[in-house]
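Visitor: 3D, please:
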Amino acid sequence: MSKKLVLGFDDSESAKAALDFATTLAKAQGAELIVAHVLEWSPYSFLTKEELEERHMRRKEELARAEDALLKPVLKQLSDAGITATTVLRYGHIADTLIEIIKENNAEMIVIGRTGHSALSSRLFGSVAGSLAQAAPVPVTIVP
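Guide: Residues are numbered from 1 along each chain as shown. Got it, this is the predicted structure:
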């Protein structure tokens with residue numbers, strides 16, 4: 001069984017630094033890299049049926065845009081670097097969903113940037129990096 005590393009990626013400058021670090025690490029260890037992007041999602045159970053259907057359509061569009069704009073270019077970059085990589089794209093609470101991805105893939109480590117696109121909300125509610133450092137079942141590498 002080959003070693004697997006998860007990279008939490010959101011295209012922020014910090015995530016790009018984490019990508020560079022994870023690329024170097026994957027090459028050195030001959031590891032497979034799983035690039036994970038999580039879109040924050042809240043269910044809003046009080047919406048009407050029509051509003052929920054419209055929201056579901058927007059969700060599909062967001063997933064397609066994220067796949068094309070974020071994950072495909074990173075996958076190509078990794079492939080060009082000779083690294084075996086796959087992508088995972090999900091909706092959910094970012095830290096909880098990354099932990100699920102780690103467990104599902106039997107990953108041995110997660111690499112993330114120190115700050116992502118949600119810098120203001122992380123100051124108010126706690127960062128993804130901080131949450132993962134406390135709750136992840138594997139070592140967490142936080143790249144500045």
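
Visitor: Let me know the distance separating E51 from M57.
Guide: Noted for E51: a distance of 11 Å to M57, by Cβ to Cβ, to the nearest Å. C-beta: built from backbone N, CA, C; applies to glycine.

Visitor: So what's the residue count around A133?
Guide: By other Cβ atoms under 10 Å, the residues close to A133 number 16.

Visitor: just N106 next, same as before
Guide: N106, neighbours per other Cβ under 10 Å, totals 10.

Visitor: Go ahead and confirm it touches K4.
Guide: Yes - the pair N106 and K4 qualifies as a contact (Cβ atoms under 8 Å) at a distance of 6.4 Å.

Visitor: helix/strand/coil for the closest residue to S127 other than its chain neighbours?
Guide: Excluding the flanking residues, the one nearest S127 by Cβ to Cβ, 6 or more residues apart in numbering is T115, at 7.2 Å. Here T115 is recorded as coil under DSSP: H, G, I helix; E, B strand; the rest coil.

Visitor: in the protein, which spans are strands?
Guide: Ranges of strands in the chain, per DSSP state E, are 4-8, 32-39, 85-91, 109-113, 140-143.

Visitor: and the second one with strand 4-8, angle?
Guide: Note on geometry: by axes from the mean of the first three to the mean of the last three Cα atoms, to 10 degrees, strand 32-39 and strand 4-8 are set 30 degrees apart in direction.
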